[in-house]
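> my questions are about this predicted structure, shown below with the sequence.
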Amino acid sequence: MSPLLAQDCTALSGPEHRLDSVRINQLLSQLPGWSVATGSESISSAFKFPDYLRTIAFVNAVAEMAEAQNHHPDLEVSYGRCVVRYNTHDVGGLSINDFICAAKASALAQA
């Protein structure tokens, strides 16, 4: 279990909360299946499911978690697949909140 799972998001604003590439790589090592999207300041992962209903159940679970954490991803939904993408607009890149929520999303996919 990733230590990120035990954390909760906090409101962050300003570039001082943007993570540098060393810290991003350290945190990514705790999140199998997640990567930095090429040419962007975001992390993403594609989750696969056996059918549409399970995909939507995952989307709904991620939406509930996002509301509870007050940190919302971009979601790309199709039959049997959901791409989850995180970044923190208020810091202009990636923050710890992106990695906390990514860990929580991964845990939801395993449930």
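Received it, and whenever you're ready, just let me know what you need. All of these numbers come straight from a predicted model, not from anything done at the bench. Residues are numbered from 1 along each chain as shown.
> distance check, Ala105 against Phe58.
Applying Cβ to Cβ, to the nearest Å, the value for Ala105 to Phe58 is 8 Å. For the C-beta atoms, the positions are set from N, CA and C on the backbone; glycine is no exception.
> and for these two, which residues touch both?
When contacts are counted by Cβ atoms under 8 Å, 6 or more residues apart in numbering, the set common to Ala105 and Phe58 consists of Phe47.
> tell me where the model's unsure across the chain.
Along the chain, segments meeting pLDDT under 70 span 1, 39.
> which stretches in it count as helices?
21-28, 52-69, 96-110 (DSSP state H).
> list the contacts of the residue lying closest to Ser40 once chain neighbours are set aside.
Distance criterion Cβ to Cβ, 6 or more residues apart in numbering; nearest residue to Ser40, sequence neighbours excluded, is Asn87 at 7.3 Å. Asn87 is in contact with 40-43, 93-94, 98, counting by Cβ under 8 Å, 6+ apart.
> count of neighbours near the nearest residue to Thr55 once chain neighbours are set aside?
Sequence neighbours aside, Phe49 is the residue nearest to Thr55 in space, at 4.5 Å (criterion: Cβ to Cβ, 6+ apart). By other Cβ atoms under 10 Å, the residues close to Phe49 number 17.
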